[in-house]
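Asks: here is my input, please return the structure:
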Amino acid sequence: MADFSNLLPPYWDKNITAWLQEDIPSFDYGGFVVGEKEEVAFLLGKSKAVLAGVPFFNEVFKQVGCKVEWLIKEGDYFEPITKVAIVSGKAKNILQGERLALNIVSRCSAIATKGYHLNSLKKKHAFKGIIAGTRKTTPGFRLVEKYGMLVGNIDTHRMDLSTMIMLKDNHIWSQGSISAAVQRARMSGGFSVKIEVECRSEAEAEEAICSGADIIMLDNMVPPELHETACRLKNKWLRSLENGAYKFLIEASGGIDLDTISNYFNDGKALNNSSNFSDIDVISLGSMTQGVPHVDFSLKIQRHKQ
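Replies: Below is the predicted model of the structure:
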C-alpha cells in the first residue's frame, strides 16, 4: 500500500499541537497522579476494521514524548481483539496523548473501513467507475477524514473550494442559468480547473454538457431514472467523442449509502450495451463521513501486580 503520509502538507503537525492544547489548557491533574514512571501500553483493536490514521497517531505521541511501535500496517484489516501497536513512555505522557490519539485513529479507521466495504461491493458487482467522498467533512478535521478515504481506497473528490468548481443550485439561480454560471466558472478557473454542474433533470444536464461542463452530477435521482437519463445522455452526446466535441463524466449523488449503492452501479446500457462504457462514472457519498460509527480502540497500560 502507498505511503499516504507523503501527501500531508507542511505544518500539518500544528493541528495536533492545537488539539493537545485544547485537551490540556492548564493543569494535568491525572498526570500528577501517575507521575513519570516509565510504562508500556497496548493499542487494542476491538472491532472488525481497517487501520488508518497512523501518521496522526504517531505525531500525537511524538509531541508528548512517547514512542510508538506498530504491529500491523496501515490499511490492514483486523479482527477483534488485535494488538495493533505498543506505546512506551512516561505514564503521564502516555495518558496526555491517549484520548486525542484514540479519537483520531477511531474516526480515521471508521472511514477507511467503510471504504473497504464499499470496494467489496464494487468488486462483487464489477462496477468500473469511481466511488468518492464529498466535502461534507467535520470542520477542522477534514485532513484526517480525507486521509481515511485514501486508506480505504475511496476517491477524496474535491478537497476544498479551490480544487474544483462545483456549480450547485444556488450558483445557478444566482446567475440565472447553467450556461451563464459555467461561462463565469471557465473564465475564472481557466483550462486547468474542472467544472462540475449539479443537475436535477435531463434538460439541465443537456444544458450543462452544451456549456462545456466536465462533470454532470445527476442529483437525487432514483436509480431507474438515473440510469435511463445517463444512458440517453451518453448515447446522444458521446457520439461525437472521436471529434473531441463533448467529453464529460456522469456522477450520481444524493442519499446513497452502503445499503443502497449497488442500485447505482452501471447497468451496462450505455452506448448500445458497449462493455467499454458505463452509464455512471462516479458515485459520491456524503455518508462516507456523516454518521460513520467509530471503530473501537482502547489503549491499556500493562497492569502491575501488587
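Asks: how many other residues sit next to the residue lying closest to residue 293 once chain neighbours are set aside?
Replies: Among residues not flanking residue 293 along the chain, residue 110 sits closest, at 6.2 Å (C-beta to C-beta, 6 or more residues apart in numbering). To be clear about C-beta, it is placed using only N, CA and C from the backbone, and glycine gets the same treatment. For residue 110, the number of neighbouring residues by other C-beta atoms under 10 Å comes to 24.
Asks: now do the strands in this protein.
Replies: Secondary structure of the chain (DSSP state E): strands at 38-45, 49-50, 67-70, 77-78, 82-90, 130-132, 165-167, 195-199, 215-219, 249-253, 282-284, 297-301.
Asks: which residues of the stretch 51-200 of the chain score low on pLDDT?
Replies: When residues are selected by pLDDT under 70, none of them lie in the stretch 51-200 of the chain.
Asks: where along it do the helices fall?
Replies: Using DSSP state H, counting those that start in this stretch, the helices assigned to the stretch 51-200 of the chain run over residues 54-63, 91-124, 142-151, 169-175, 178-189.
Asks: closest one to residue 73 among these?
Replies: Ranking these by distance to residue 73, with C-beta to C-beta as the measure, places helix 54-63 first at 8.3 Å.
Asks: next, the angle from that closest one to strand 297-301.
Replies: Between the axes of helix 54-63 and strand 297-301, defined by axes from the mean of the first three to the mean of the last three C-alpha atoms, to 10 degrees, the angle is 30 degrees.
Asks: how big is the angle separating helix 54-63 from strand 38-45?
Replies: Computed by the same axes, to 10 degrees, the angle between helix 54-63 and strand 38-45 is 160 degrees.
Asks: give me the buried positions along helix 54-63.
Replies: With burial defined by 16 or more other C-beta atoms under 10 Å, the residues of helix 54-63 counted as buried are 54, 55, 56, 57, 58, 59, 60, 61, 63.
Asks: and of these, the nearest to residue 145?
Replies: Using C-beta to C-beta, residue 56 comes nearest to residue 145 of the buried residues of helix 54-63, at 11.0 Å.
Asks: tell me who's in contact with the spatially most central residue of the chain.
Replies: Within the chain, one residue has its C-alpha closest to the average C-alpha position: by C-alpha atoms, centre = their mean, that is residue 149, at 3.4 Å. Residue 149 sits next to 111, 112, 115, 133, 155, 156, 288 when contact means C-beta atoms under 8 Å, 6 or more residues apart in numbering.
Asks: from residue 111, how far off is it?
Replies: Spatial separation of residue 149 from residue 111 under the definition C-beta to C-beta, to the nearest Å is 6 Å.
Asks: distance check, residue 97 against residue 188.
Replies: 44 Å.
Asks: among the helices of the stretch 51-200 of the chain, which comes closest to residue 279?
Replies: Checked against C-beta to C-beta, the stretch from the helices of the stretch 51-200 of the chain lying closest is helix 91-124, at 15.3 Å.
Asks: list the buried residues of that closest one.
Replies: Of the residues in helix 91-124, 91-98, 100-116, 118, 122 count as buried by neighbour count, 16+ other C-beta under 10 Å.
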